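Visitor: 3D, please:
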Amino acid sequence: MRKYFVVPALALIFCYGFAAAQEKRTAPLTVSYPSISGAQAVLWIAKETGIFRKNGLEADLVYITGGPRSMAALLSGQLQVIGTGGNALVAANLNGAKDAVLIATTYNTPVFSVMTRADMKEGKDLKGKRFGVTTAGSLSDFTLRAVLKRSGLDPARDVVVRAMGGYPEILAGMKSGQLEGGVFSPPSNITAQTLGFREFMDAGAAGIEYASTCYGTTRRFIREHRDTVAQFTRALAEAIHSFKTDKAQALKIIQRYTRTSDPAVLEETYRVYALKYLPRAPYPKPSGVRAILDSFESTMPDAKGADPETFIDQSFVQELDKSGWIARLYQ
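Guide: Down below sits the predicted model:
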C-alpha cells in the first residue's frame, strides 16, 4: 500500500514543482499606453487574450496620457516599457535622456485625415483658410503641416492654424464656420463625413511617414533584462497576428476599452488599425524617426544632423523576422 501511495505523491510533488518553476519564470513588466484609441489595440489584445503570459510575462498595463509623464516614469524605473508617440522619446533623448530607445513601431504613419469643406478640393483652395488641430506641436499639428507642404503651401504663412484641444472642439469649429478644415483620427473622420465634410487627404495613404505609435524602453533595461524585452516584442508580434486574424475577438476588446458600441465606429476602427496600416513585423524605422527630427529642427538645434539610427534598436524585431517566426504565424 505504501508503494502505491508514494508514486502518486511523488507525481503531485513533481507537478507542483513544475508549476512553481513555470510561475517563477514569469517576468513582471509594467507597460504604459498613451490614449484610448484603436492604435493601442495591439497592447490590449496581448493582455486580454493571455498572449503576454504565454510569452512568459506578467504584464500590467497603465494608462498614462502625455509623453513627458510616461518618459519620466520610464527613466525612473517605474515603467519598464512605454507606449508612446515617437516624438516624445526622440525629444527626451535630444534633451539628454540618451538611455531611452525605441524597440518597436506599430504605426509608422500619422493615422489622420485632413477634413475640409466639401468645396475645397485642391491645394489652392486651402490658402488663407483656418484649420484646427488638437494642440500645437501635436501629431495632428505635424500631419496638417505635412499635408499643407505636399499641397504647395507654407503652413506658417498661407493658412491659420488653431489649437482647439480635441476632435469634438475641432468639429464644432467646422460646424459653426469658425474653421474651414481640421485634422481627425479614425473614427472621428467618419463623423465629419456624415456632417458633409470631405476627406482632403489621408496622411497614411499619401505615404507620409512618422513614428507615431511606438514602444520604448531604456538601454540599461535591455542590458539587464534582454530576455524580457525579447519576450515583450514576441508577444507584440503575436498580438498583431491575433488583431489581424480574429476580428470578432478584437472588436470585443476594443469595445471594452473604448466603451464604444456603435457598429460603424468599431468596423472603421478595425479596418484602419488592424488591416490598413498595421505591419506584421513592427520594425522601428529610421525613416519615421527622420520625420520627427525634421519637425524638431526649428525648435531643437540638436535635431539637425542627428542620426535616426541612434534612437532605435531593431534587433528584437529583426531576430523574430529573420528566423521566420513571424511568417510562420500567418501560415
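Visitor: and stretch 253-271, end to end?
Guide: Separation of the first and last residues of stretch 253-271 by C-alpha to C-alpha, to the nearest Å is 15 Å.
Visitor: ok, now stretch 298-317?
Guide: One end of stretch 298-317 sits 32 Å from the other (C-alpha to C-alpha).
Visitor: that one: which residues count as buried?
Guide: Neighbour counts over stretch 298-317 (16 or more other C-beta atoms under 10 Å) mark 303, 306, 308, 311, 312, 313, 314, 316, 317 as buried. For every residue, glycine as well, the C-beta is placed using N, CA and C.
Visitor: what sits against the fourth one?
Guide: The reference is to residue 311. Residues near residue 311 by C-beta atoms under 8 Å, 6 or more residues apart in numbering: 86, 89, 90, 93, 101, 102, 289.
Visitor: do that again at 7 Å, thanks
Guide: Each residue near residue 311 by C-beta atoms under 7 Å, 6 or more residues apart in numbering is listed here: 90, 93, 101, 102, 289.
Visitor: show me these that map onto helices.
Guide: 90, 93, 289 (DSSP state H).
Visitor: quick check: the first one touching residue 290?
Guide: No. Residue 90 sits out of contact with residue 290 when judged by C-beta atoms under 7 Å, with a separation of 10.1 Å.
Visitor: neighbours of the closest residue to residue 130 other than its chain neighbours, how many?
Guide: Among residues not flanking residue 130 along the chain, residue 160 sits closest, at 4.4 Å (C-beta to C-beta, 6 or more residues apart in numbering). Using other C-beta atoms under 10 Å, residue 160 has 12 other residues around it.
Visitor: for residue 160, give me the pLDDT.
Guide: Residue 160 carries a pLDDT value of 97.
Visitor: go on, residue 57?
Guide: Confidence score, pLDDT, at residue 57: 97.
Visitor: dihedrals phi and psi, it?
Guide: Main-chain dihedrals, residue 57, degrees, to the nearest 10: phi -120, psi 140.
Visitor: again, but for residue 62
Guide: Per-residue torsions, residue 62: phi -130, psi 130 (degrees, to the nearest 10).
Visitor: and which of the buried residues of stretch 298-317 is nearest to residue 284?
Guide: When those are ranked by distance to residue 284 (C-beta to C-beta), residue 312 comes first, at 4.1 Å.
Visitor: look up the closest residue to that closest one, ignoring the ones flanking it.
Guide: residue 284 (4.1 Å).
Visitor: secondary structure class for that neighbour?
Guide: For residue 284, the assignment made with DSSP: H, G, I helix; E, B strand; the rest coil gives coil.
Visitor: give the buried residues for the helix or strand encompassing residue 220.
Guide: Using DSSP states H and E, residue 220 falls within helix 219-224. For helix 219-224, a neighbour-count test (16+ other C-beta under 10 Å) marks 221, 222 as buried.
Visitor: about what we covered before: the more surrounded of residue 90 and residue 290?
Guide: Set residue 90 next to residue 290 and count neighbours by other C-beta under 10 Å: residue 90 wins out with 29 against 18.
Visitor: list the contacts for the more buried one?
Guide: Contact analysis of residue 90 by C-beta under 7 Å, 6+ apart lists 289, 292, 293, 311.
Visitor: any idea how far residue 285 is from it?
Guide: 13 Å (C-beta to C-beta, to the nearest Å).
Visitor: before we move on, the earlier item: which other residues reach the helix holding residue 220?
Guide: With C-beta under 7 Å, 6+ apart as the criterion, helix 219-224 contacts 80, 99, 101, 229, 313.
Visitor: make it 10 Å
Guide: Around helix 219-224, the neighbours that count as contacts under C-beta atoms under 10 Å, 6 or more residues apart in numbering are 29, 74-75, 77, 79-81, 98-101, 103, 218, 228-230, 313, 315-316.
Visitor: helix or strand right after that helix?
Guide: helix 226-245.
Visitor: now do that following helix, average pLDDT.
Guide: Across helix 226-245, pLDDT averages out at 98.
Visitor: got the CA positions of it in CSV?
Guide: The C-alpha trace of helix 226-245 is given here as CSV (Å, rounded to 0.1, in the frame of the first residue of the first chain):
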residue,chain,number,x,y,z
ARG,A,226,17.3,41.4,-22.6
ASP,A,227,15.2,38.2,-22.4
THR,A,228,12.3,40.2,-21.0
VAL,A,229,12.4,42.7,-23.8
ALA,A,230,12.6,39.9,-26.4
GLN,A,231,9.5,38.3,-24.7
PHE,A,232,7.7,41.6,-24.9
THR,A,233,8.5,42.0,-28.6
ARG,A,234,7.5,38.5,-29.4
ALA,A,235,4.2,39.0,-27.6
LEU,A,236,3.6,42.2,-29.5
ALA,A,237,4.1,40.4,-32.9
GLU,A,238,1.8,37.6,-31.8
ALA,A,239,-0.9,40.1,-30.7
ILE,A,240,-0.6,41.8,-34.1
HIS,A,241,-1.4,38.5,-35.7
SER,A,242,-4.3,38.0,-33.4
PHE,A,243,-5.6,41.5,-34.2
LYS,A,244,-5.4,40.9,-37.9
THR,A,245,-6.9,37.4,-37.9
